[in-house]
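Peer 1: Curious how this folds, go ahead:
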Amino acid sequence: MREVRVLKGHGTGNDFVLLPDLDGEVELTDAMVAALCDRRFGIGGNGVLRVVRSSATDDPSATGAEFFMDYRNADGSSAQMCGNGIRVFARFLVEEGLASPEGMDIATRGGVRHVRRLPTGEYAVGMGQARGVDAVASVMVGNRSYPAIGVHVPNPHAVVFVTSVSAAGPLDRAPEVSPEHLFPEGVNVEFVERIAPGHVRMRVHERGVGETLSCGTGACAVAWAVRRQGDDAMRIRVDVPGGTLHVEERDGELELIGPAVIVADGTLEADWAAAWI
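Peer 2: Purely as a prediction, here's the structure:
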């Protein structure tokens, strides 16, 4: 059996297993994703980033760029976009000599995204426009219900403003969001505490994963919601348990800025890999 290369990376603590599969030779099943993301019996992560050439996959979203980010949540479900993951994906391409740090296009299920490395070493991602949900949602935490702002970036999000992010409680289970028909494929829920103009703190429960240390599309959803509630700062700082992200908005277009870290690079042990590949 051929060696299967894997890397471990993260963006503000939102961690991923990176699976280089440039020629599309790996059939990424839900069970394999769950095994890789298992923190006790696998490598551990909030999801898997499969790096594949667009020409080597039949995913209909793999168009408009040389490489396609095949992102899966830890339970194996696919997601349109991952703002933290795409920065790690981009760093891998740059360090492998597969893309220029000055800028690259990456195909995702949410469309083509442009990514560039900044002089600080951080990566900036053009996230496109957010789309608000007309109806008002509500989020139940314990015995208390909070109004929520629905927004797609393009992943679905429900943004809840609270006096303190501790109001979200332990987040060991998915908050109940209603009406259910607003988010038929599930929803990420962000709890947001205002710190100062242009500065907020956030916790997030991600669908298919649970509470995570960070969520890039969630930070964008929060920044969009903050500005629609009267904060006119062009650059919003979003503090998450895993660090700090910044979101800028110009003419309705969002740009997410944050770190991308590669932690380890190696291969799967042959017997373990043979059970899944």
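Peer 1: Would you map out the domains in this structure?
Peer 2: Per automatic domain parsing, the domain ranges recorded for the chain read 5-122+260-274, 131-257.
Peer 1: tell me the phi and psi of the residue most central in space within the chain?
Peer 2: Geometric centre of the chain, nearest residue: C82, 2.7 Å, by C-alpha atoms, centre = their mean. Backbone geometry at C82, expressed as degrees, to the nearest 10, gives phi -140, psi 110.
Peer 1: got it, and A225?
Peer 2: Per degrees, to the nearest 10, the backbone of A225 is at phi -70, psi -40.
Peer 1: same thing with G218?
Peer 2: Dihedral angles of G218 (phi, psi; degrees, to the nearest 10) stand at phi -60, psi -40.
Peer 1: so where is the stretch 1-150 of the chain shaky, pLDDT-wise?
Peer 2: Within the stretch 1-150 of the chain, the ranges that satisfy pLDDT under 70 run 1.
Peer 1: Was I right to think W224 contacts L254?
Peer 2: Yes. Between W224 and L254 there is a contact at 6.7 Å, judged by C-beta atoms under 8 Å. Yep, even glycine has a C-beta here, placed from its N, CA and C like the rest.
Peer 1: list the residues that contact both of those two?
Peer 2: By C-beta atoms under 8 Å, 6 or more residues apart in numbering, W224 and L254 have these common neighbours: A130, V153, V247.
Peer 1: Let me have those in JSON lines, adding neighbour count, secondary structure and distance to R39 as columns.
Peer 2: JSON lines is the format used below for the shared contacts of W224 and L254 (neighbours: other C-beta atoms under 10 Å; DSSP: H, G, I helix; E, B strand; the rest coil; distance: C-beta to C-beta, whole Å):
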{"residue": "A130", "neighbour count": "22", "secondary structure": "coil", "distance to R39": "32"}
{"residue": "V153", "neighbour count": "29", "secondary structure": "coil", "distance to R39": "27"}
{"residue": "V247", "neighbour count": "28", "secondary structure": "strand", "distance to R39": "29"}
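Peer 1: which residues of this protein fall in helices?
Peer 2: Assigned by DSSP state H, the helices in the chain fall at 30-37, 83-95, 216-228, 270-274.
Peer 1: how about the first one: buried residues?
Peer 2: In other words, helix 30-37. Buried residues in helix 30-37, counting neighbours by 16 or more other C-beta atoms under 10 Å, are found at M32, V33, A34, A35, L36, C37.
Peer 1: That concludes my questions; thank you for your assistance.
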